[in-house]
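In: The sequence and its predicted three-dimensional model are supplied below.
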Amino acid sequence: MVFRHISKDLKERALWLISHGYAPDDICELFNISPRSITRWKQNDRLYGSVIPPPNPIQCRPRILNADMTHDLYTLLEEAPEMYLSEIQDWIALAYEVHISKSALHMNIHDAGLSFKLLRKVAAERDEDLRQGWKQDVNTHFIASQMVFVDETSKDDQTIYRHYGRSVIGNCVHLSANFVQGE
């Protein structure tokens, strides 16, 4: 049988059915599991008190970044979301004298709830109060059939801004950029 992830509640349900008199062969057929899996879950439950054994401390390296470092990293990425992993590595090495691999750093960033996504550039020249005033004026004095828009808002003459950054999962990441006026 091919490996597949079986949830904890399904494992517990299978053991509950066995303890209440159901035939193990019927349970194996119903849940599409092997008899060996049921034996392993019973053993885990007997030894550890749960169908899932505790993680093996020898199997993987512990996290290098502590809670304070992770909080500072989170704050850094809110201020400069476009940083590359190598730049973040250098920052951690200078700030905390800790050397961390890019893969471990990526896992720490992901565990902090940040993902890597396309940057949305926002004009640094934008004044939010004037923008809201303009929206109010347009809503009161115009109707949709009177409006014509030409999309040249992101004209930036191929400036050197980065295209990807990190932000909280589920939120857009914005970069404040100076837009170069072109012809």
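Out: Noted; the coordinates are in hand.
In: Could you grab the helix/strand/coil label for residue 149?
Out: Classification of residue 149 by DSSP: H, G, I helix; E, B strand; the rest coil places it in coil.
In: quick one: it and residue 137, what's the gap?
Out: Separation of residue 149 from residue 137 (C-beta to C-beta, to the nearest Å): 16 Å. In short, each C-beta sits where N, CA and C put it, glycine included.
In: So these two - more neighbours on which side?
Out: residue 137 (10 against 6; other C-beta atoms under 10 Å).
In: give me phi/psi at the nearest residue to residue 17 once chain neighbours are set aside?
Out: Nearest residue to residue 17, sequence neighbours excluded (C-beta to C-beta, 6 or more residues apart in numbering): residue 27, at 5.4 Å. In terms of degrees, to the nearest 10, the main-chain angles of residue 27 are phi -70, psi -40.
In: and residue 11, helix, strand or coil?
Out: Following three-state DSSP, residue 11 is assigned to helix.
In: contacting residues for it?
Out: Counting by C-beta atoms under 8 Å, 6 or more residues apart in numbering, residue 11 touches 41, 51-52.
In: cool, residue 163 as well?
Out: Residue 163 sits next to 118-119 when contact means C-beta under 8 Å, 6+ apart.
In: please renumber so the chain begins at 16
Out: Right, with 16 as the first residue, what we last looked at is residue 178.
In: any idea how far it lies from residue 130?
Out: For residue 178, the distance to residue 130 - C-beta to C-beta - is 15 Å.
In: what's the average pLDDT for the lengthiest strand in the chain?
Out: Longest among the strand segments of the chain by residue count, using DSSP state E, is strand 129-138. Averaged across strand 129-138, the pLDDT comes to 79.
In: ditto for stretch 57-76
Out: pLDDT averaged over stretch 57-76 gives 81.
In: Just the residues contacting it, thanks.
Out: 23, 26-27, 30, 33, 56, 119.
In: what about 10 Å?
Out: Around stretch 57-76, the neighbours that count as contacts under C-beta atoms under 10 Å, 6 or more residues apart in numbering are 21-30, 33-34, 39, 52, 55-56, 116, 119.
In: any low-confidence regions in this structure?
Out: Applying pLDDT under 70 to the chain flags the ranges 16-18, 71-78, 139, 166-176, 192-198.
In: show me where the chain has strands.
Out: Using DSSP E, strands in the chain cover 129-138, 179-183, 188-192.
In: Kindly reformat the contacts of residue 26 as CSV containing distance to residue 112 and neighbour count.
Out: Formatted as CSV, the contacts of residue 26 follow (distance: C-beta to C-beta, whole Å; neighbours: other C-beta atoms under 10 Å):
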residue, distance to residue 112, neighbour count
56, 45, 23
66, 42, 22
67, 37, 14
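In: residues contacting the residue nearest to residue 32?
Out: Contacts for residue 42 (C-beta under 10 Å, 6+ apart) come out as 28-33, 48, 50, 53.
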